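**Student:** quick check, what structure comes out for this input:
(one chain, ligands or ions: 3)
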Amino acid sequence: MDTKRVYYFGNKQADGNGKMKNLLGGKGAGLAEMNLVGIPVPPGFTITADVCSEYYTMGQEQVVELINKDVVNGIHRIENVMNTKFGSDENPCLVSVRSGARVSMPGMMDTVLNLGLNDVAVLGLVKKTGNERFAWDSYRRFIQMYADVVLGMKPENKDDIDPFEEIINGIKKEKNIDEDINLSVDDLKELVVRFKKVVKDKLNKEFPQDPWDQLWGAIMAVFDSWNNERAVYYRRMNKIPDEWGTAVSVMAMVFGNMGDTSGTGVAFTRNAATGENVFNGEYLINAQGEDVVAGIRTPQEITKAGSIDWAKLHNISEEERQKKYPSLEEYMPEVYKDLFDVQEKLENHFRDMQDLEFTIQEGKLWLLQTRTGKRTGAAMVKIAMDILDEGKIDKKEALMRIEPNKLDELLHPVFDKEAIKSAQTLVKGLPASPGAATGQIVFFADDAVEWAQQGKNVILVRIETSPEDLAGMDSAKGILTARGGMTSHAAVVARGMGKCCITGAGGMTINYKTRQIEVAGKTIKEGDWISINGSTGEVYEGKTKTINPELSGYFERIMELSDTFAKLDVRTNADTPKDAQVARDFGAKGIGLCRTEHMFFDEERIIAVREMILSDDEAGRRAALDKLLPMQRGDFEGIFEAMHDLPVTVRLLDPPLHEFLPHEDENQKEMADEMGISLEKVKEKVEALSELNPMLGHRGCRLGNTYPEITEMQSRAIIEAALNLKKKGINAKPEIMVPLTGTKEEMKLQEKIVRDTAQKVFEEYGDTIDYLVGTMIEIPRAALTADEIAKHAEFFSFGTNDLTQMTFGYSRDDAGKFLPVYLKKGILKNDPFEVLDQVGVGQLVEMGTRKGRQTKPNLKVGICGEHGGEPSSIEFCHKVGMNYVSCSPFRVPIARVSAAIANIKYAQETVNV
Ligand code: ADP
Ligand code: MG
Ligand code: MG
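**Tutor:** Ligands and ions are numbered 1, 2, ... in the order given. Sure thing, here's the model as predicted:
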């Protein structure tokens, strides 16, 4: 077997490269590529993600056997480059062991820093650096981190006491010290003693002193962290497959905590919130690793311009800023210049916005990570278009950079400018992720989840967030933190989620115990309402009105570009002129599903509808339908007018009749009076019409075939509406759609009724219009016999909600009882009502389309289920050769881009370009 499992990098050479994300993880691939383009990166090696899968199937022992030789070699190579030795008392080799999957999952998995330290190596580090404080500080940090990550001593929930924190607090109290930084070398040595003791007490074994034991422990812990709770949650949320696994990168440590000429930071080559093309980021002097993102100390801006803006926002004078919070540009101009060059080089190399991690060790810059930066929807659109305009990528690539679902954020409401004027500002923080959110305050992630489940809108307010808070952040409408900067955990994760977020609102004091905030001289409690503006950083008291956003020129351009590449048209599902107009404004090319029953629920109409249902005979039904005719016609006129010149697919009455029946006494009484019969009689009828399984009962075209007068009335209303508009010079293009067809005969009868009625109306008006008659394909039998059904249909529209329901045999209304369990257990990968099941239901869709077109080569085919707005399902529709997808109005832009991406990915021929 010559499978390569370990890839080295260092000294501007690498076995792997930036394209190998699937194997090396994003981090490993980035480290390799940075070496190849000559950027300073500490040497190391990456164990592939495939080994992680092997670990899960074969277990630790076999995996160690497989990679042992390469890992030992890898460490020796690090030792050679760095001139260090594992466990040495002269110049010890220290490494970090880092996780990294093929897509970035920020902070979800584990990393161990300073590995290789032990009672001997710590003395070596003292000798080598002459910095006793630094050496012992590193050692105590390492013990804590290793015990947490590898030895399983991490507190499991917010009420658990962290034994290490307890010890630190104990020593601080004994010595009367308030900050970690004031701990003396002796204090740090004492911490090490007590830390080792608590490990021994808890686990009944010594803290491992052998660096090799430490290393293997850490590697396995990183593999294990692929399946920790938050990583699993993050994968669900982002639909990342469980089988991918994480790679492990082991690399030489560099130290940002060696004094005032050292530091660490995070930077973005462009603004991740707005997309603006400005280099930005944050750093801390004399700090290591996570310190910047953890939001424990207030980080400083990297650029001078950024620093000045930051100070203004925090009401900090220029003098104070220069003295206390200088930018890296001012504090270390040379390092800044190196960093600026590196970021420019990286962005040009990857041709996309990069998110960098760097460390400065005694004035020398080292890069530790580069990845495609997470960004908001707005930034995604702007950056793609800007890089296109800069000539670095072509149109196709620009479109491929769009994650369709993220466009949703751009369509979210913003605060009403007028309402903001009268709103009371409580505090200002950093505009970490744009948007507007109003909700009730909660302080803990689990509360956020619980309250949201009760249907409440919540704002999660925390001193800082950590990866454990992920589910709570996901449930909240917005996130507000007191500490941390633009690159803090809260900021990065919120931007990834497209969620409104403000960080570093230092003007508020949060008390988790009393669940209160002291701010602007007020006390605000859990459950109180606040509003946060993630675009400005302003926090308002109470609720604030929101309005729809204005869409920028960049958005328009992406949409136009999409249309030039897409082959599928995008229509919308709309039942009202208002929805139709919204969708039209979003670029819908017609209505793919206009449900007529919604029009029946209107208060005055429902009575006529019930009268029709309860009638004993055709004459009674016709009398009731005559009352409905003008109302339906009016509805259609409204919708056809809003959609003038574009096709409108109108579905004939579909739902089970019982949905319209009066079930309450009061309504039954009303019906009795209306129809001049007794209440008893009404009750009897309701009883008689009740069904055991209405979903599979008297509904769909079964209504129109048992009561042809319903189809007649609806067809008449549609054709008359179109003719009336024609008189006004408005062009309506109705497509009449029969629901729930299962056999050819059903369709044949319905088609005949529609066409006969249309003919009659044409004669009455002395005029004609063009219209189509078609059917939904939503019963498996219809897909199986599509060639037959197509003889009587000019178009098919796949109703994938019902089709999914009937193919799986899952009732959508009852699936809530088992679907969540199925998803959790991995029995299903996705909710099939959300993401089209291409393997199963997809076969019916494919077959239905193919067979339908065997009979009618020009058969128009579309989809009108919920799936019509879901990117992966849209891709499938494209591949099957549909003509259009139809989705809810707000998903139209998402579908337009998805359609373009599908064609770029799969088209042999490019259309319209
Ligand atoms: P994550 O994926 O959660 O960002 P990382 O593996 O990037 O985790 O590591 C966490 C932090 O530790 C980062 O700030 C990183 O820059 C820092 N770090 C990792 N490896 C080293 C190293 N060899 N030397 C110095 N700092 C490191
Ligand atoms: Mg990182
Ligand atoms: Mg249906």
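
**Student:** enumerate the residues of the protein near ligand 1.
**Tutor:** Within the chain, the positions adjacent to ligand 1 are 42, 96, 98, 106-107, 111, 113, 251-254, 289-290, 357, 359, 368-369 by Cβ under 6 Å from any ligand atom. For the C-beta atoms, the positions are set from N, CA and C on the backbone; glycine is no exception.

**Student:** in helices only, show me those residues.
**Tutor:** Among the residues of the chain next to ligand 1, no residue falls in helices (DSSP state H).

**Student:** whichever of the residues you listed end up buried, select them in ChimeraX.
**Tutor:** Selecting the buried subset of the residues of the chain next to ligand 1 in ChimeraX, with 16 or more other Cβ atoms under 10 Å as the burial test, is done by:
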select :42,96,98,107,111,113,251,252,253,254,289,290,357,359,368,369
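
**Student:** check what pLDDT the single nearest residue of the stretch 401-550 of the chain relative to ligand 1 gets.
**Tutor:** Proximity to ligand 1, evaluated over the stretch 401-550 of the chain using Cβ to the nearest ligand atom, is greatest for P467 at 8.1 Å. The score at P467 is 77. That number is its pLDDT.

**Student:** relative to R230, how far out is the residue lying closest to it once chain neighbours are set aside?
**Tutor:** Spatial nearest neighbour of P467, excluding adjacent residues (Cβ to Cβ, 6 or more residues apart in numbering): G107 at 4.2 Å. Per Cβ to Cβ, to the nearest Å, G107 is found 8 Å from R230.

**Student:** joint contacts of the two?
**Tutor:** Residues touching both G107 and R230 (Cβ atoms under 8 Å, 6 or more residues apart in numbering): P467.

**Student:** hmm, back to that, the residue of the stretch 401-550 of the chain closest to ligand 1 and D110 touch, don't they?
**Tutor:** No. With contact defined as Cβ atoms under 8 Å, P467 and D110 do not form a contacting pair (9.7 Å).

**Student:** quick one, which of the two is more surrounded?
**Tutor:** Each of P467 and D110 has its neighbours counted (other Cβ atoms under 10 Å); D110 has more, 24 against 20.

**Student:** what sits against the residue nearest to that one when sequence neighbours are not counted?
**Tutor:** Of all residues not flanking D110 in the chain, S225 sits nearest, at 4.0 Å (Cβ to Cβ, 6+ apart). Shown in contact with S225 (Cβ under 8 Å, 6+ apart): 99, 108-110, 149, 231, 246.

**Student:** what do you get for I171?
**Tutor:** For I171, the contacting residues are 177, 183, 187, 190-191, 194, by Cβ under 8 Å, 6+ apart.

**Student:** before we move on, the earlier item: and the residue nearest to D110, how far from I75?
**Tutor:** Distance of S225 to I75, given as Cβ to Cβ: 21 Å.

**Student:** cool, and P333?
**Tutor:** 37 Å.

**Student:** quick one: which of these two has more around it?
**Tutor:** Using other Cβ under 10 Å as the criterion, P333 and I75 rank with I75 on top: 23 against 12.

**Student:** pLDDT score assigned to the more buried one?
**Tutor:** pLDDT at I75 comes out at 97.

**Student:** now the closest residue to ligand 3 within the stretch 651-800 of the chain: closest residue in space, sequence neighbours ignored.
**Tutor:** Distances between the stretch 651-800 of the chain and ligand 3 by Cβ to the ion are smallest at G799, namely 4.3 Å. Setting aside the residues directly before and after it, G799 is nearest to E778 in space (Cβ to Cβ, 6+ apart), at 3.3 Å.

**Student:** do I have it right that that neighbour meets T804?
**Tutor:** No. Judged on Cβ under 8 Å, E778 makes no contact with T804 at a distance of 9.1 Å.

**Student:** shaky segments in the stretch 301-450 of the chain?
**Tutor:** Within the stretch 301-450 of the chain, no range satisfies pLDDT under 70.

**Student:** at 90 instead, please
**Tutor:** For the stretch 301-450 of the chain, the stretches flagged by pLDDT under 90 are 313-315, 376, 378, 405-406, 408-423, 430-435.
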